[in-house]
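Visitor: here's my sequence, what's the structure:
(chains A and B)
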Amino acid sequence: MGQEKTTLEIIAPTVDEAVNRGVSQLGITRDAVDVEILDSGSKGLFGLGGRQARVRLVLKQESSAEVSAPGSFPGKKSTMPAAESSTIAANEDAVLQTSRETVKELLEKMKVFATVTAHYTEPEESGEERQVLVDINGDDLSILIGRRTETLNALQYIASLIVSKKLEKWVPLVIDIQGYRSRRTRQLQQLARRMAEQAVHTGKRQTLEPMPANERRIIHMELSSFDQVITESTGEEPNRKVTIVPKK
Amino acid sequence: MKELIDYIAKSLVDDPDQVKVTQERVGGKIRLELHVAKDDMGRVIGKSGRVANAMRILLRVSAAREGKQASLDVIEPR
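Guide: Below you'll find the model as predicted:
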């Protein structure tokens, strides 16, 4: 296409207004741009000292997998995705597109404006099915993670249900925010090894903090090759915990 | 807030036309009521309330963005 990256910065009383103004200035739809919030502004006291919101709109490039559906760039010629030539590949693209759009829609309804992309993960072991990974990036997204990853897991669950319903097949999504899940996975693996060593060293069982199922699974997996300990989960959700038991 | 629950519910049920969300203020809090067709109750509640609870968690974020507190009840059709 050779199209240049178009960006536009807008200042308005609120983030919403800024985005809407920018989008109508460009004469495009909300889906066609990535929104970068430069300053979410502040109300100020009694209308005094308030800061205006500042956003940057970046027109999405047409080449990547997360491209909008053809036709979402009014007035511009859309290229059909190359994947359309094969039925299977076209279906796969529908999965990514539906996943991305569903998460984006949910976030917008929650008044959270962030960049959403979707891609497939490479299966860790052959034979394992590849998963759809949806990445959310933006400023100040800690509100989307929540205590014990509660909010992120709820978002992931609801998004999976909606996408599966739309596509009429079960599509398990994994949603990550600013690389949080991969960071957390490494932390949990380190924690697992440290606590296993402690269990062996002291001869006492070590009980970890309550964790959601996917995090407990990481601990069990990490220690499955450790032959000096066994791991088990005890208690009821949401207070289920992993216990590391030294073998006698 | 209402739009969020409305969107989720309509996306999950078989009969979106019967989805209705009402919103009222009770004291300092917002109370949302979700009405769906009888056959769709299970879809918006889920096994041991898992779907409804996930909706509540997302609603909490949405409400916090507006500096408010909100609750969600799923109402059985008469």
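Visitor: using PDB, write out every CA atom in stretch A:172-190.
Guide: Extracted in PDB, the C-alpha atoms of stretch A:172-190 (Å, rounded to 0.1, in the frame of the first residue of the first chain):
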ATOM      1  CA  PRO A 172     -10.400 -20.900  24.800                       C
ATOM      2  CA  LEU A 173      -8.800 -17.400  24.800                       C
ATOM      3  CA  VAL A 174      -5.800 -16.400  26.900                       C
ATOM      4  CA  ILE A 175      -5.800 -12.700  27.600                       C
ATOM      5  CA  ASP A 176      -2.600 -11.000  28.700                       C
ATOM      6  CA  ILE A 177      -2.000  -7.400  29.800                       C
ATOM      7  CA  GLN A 178       1.300  -5.800  29.200                       C
ATOM      8  CA  GLY A 179       3.000  -9.200  29.500                       C
ATOM      9  CA  TYR A 180       1.600  -9.700  33.000                       C
ATOM     10  CA  ARG A 181       0.900 -13.400  32.500                       C
ATOM     11  CA  SER A 182       4.300 -14.400  31.200                       C
ATOM     12  CA  ARG A 183       6.000 -12.400  34.000                       C
ATOM     13  CA  ARG A 184       3.700 -14.000  36.600                       C
ATOM     14  CA  THR A 185       4.500 -17.500  35.100                       C
ATOM     15  CA  ARG A 186       8.200 -17.000  35.600                       C
ATOM     16  CA  GLN A 187       7.700 -15.700  39.200                       C
ATOM     17  CA  LEU A 188       5.500 -18.700  40.000                       C
ATOM     18  CA  GLN A 189       8.000 -21.200  38.600                       C
ATOM     19  CA  GLN A 190      10.800 -19.600  40.800                       C
END
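Visitor: chain center to that stretch, what's the gap?
Guide: Taking Cα atoms, centre = their mean, to the nearest Å, the mean C-alpha location of stretch A:172-190 is offset from the chain mean by 10 Å.
Visitor: same check on stretch A:224-232?
Guide: For stretch A:224-232 - counting by Cα atoms, centre = their mean - the centre lies 31 Å from the chain centre.
Visitor: buried set for it?
Guide: A:226, A:229-231 (16 or more other Cβ atoms under 10 Å in any protein chain shown). The C-beta positions use only the backbone N, C-alpha and C, and glycine is treated the same way.
Visitor: so where's chain A uncertain?
Guide: A:1-9, A:25-27, A:41-51, A:60-92, A:123-128 (pLDDT under 70).
Visitor: spell out which parts of chain B neighbour chain A.
Guide: Within chain B, the positions adjacent to chain A are B:3-4, B:7-8, B:11-12, B:50-51, B:53-55, B:57-58, B:60-62, B:64-66 by Cβ under 8 Å from any Cβ of the partner chain.
Visitor: pull out the buried residues from these.
Guide: Neighbour-count burial within the residues of chain B next to chain A applies to B:4, B:7-8, B:11-12, B:51, B:53-55, B:57-58, B:60-62; the criterion is 16+ other Cβ under 10 Å.
Visitor: picking that back up, could you dump the buried residues of stretch A:224-232 to a markdown table with secondary structure and distance to A:Gln131?
Guide: Below are the buried residues of stretch A:224-232 laid out as a markdown table (DSSP: H, G, I helix; E, B strand; the rest coil; distance: Cβ to Cβ, whole Å):
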| residue | secondary structure | distance to A:Gln131 |
| --- | --- | --- |
| A:Phe226 | coil | 26 |
| A:Val229 | strand | 29 |
| A:Ile230 | strand | 28 |
| A:Thr231 | strand | 24 |
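Visitor: out of those, who's nearest chain B?
Guide: Set against chain B, the nearest of the buried residues of stretch A:224-232 by Cβ to the nearest Cβ is A:Thr231 (24.9 Å).
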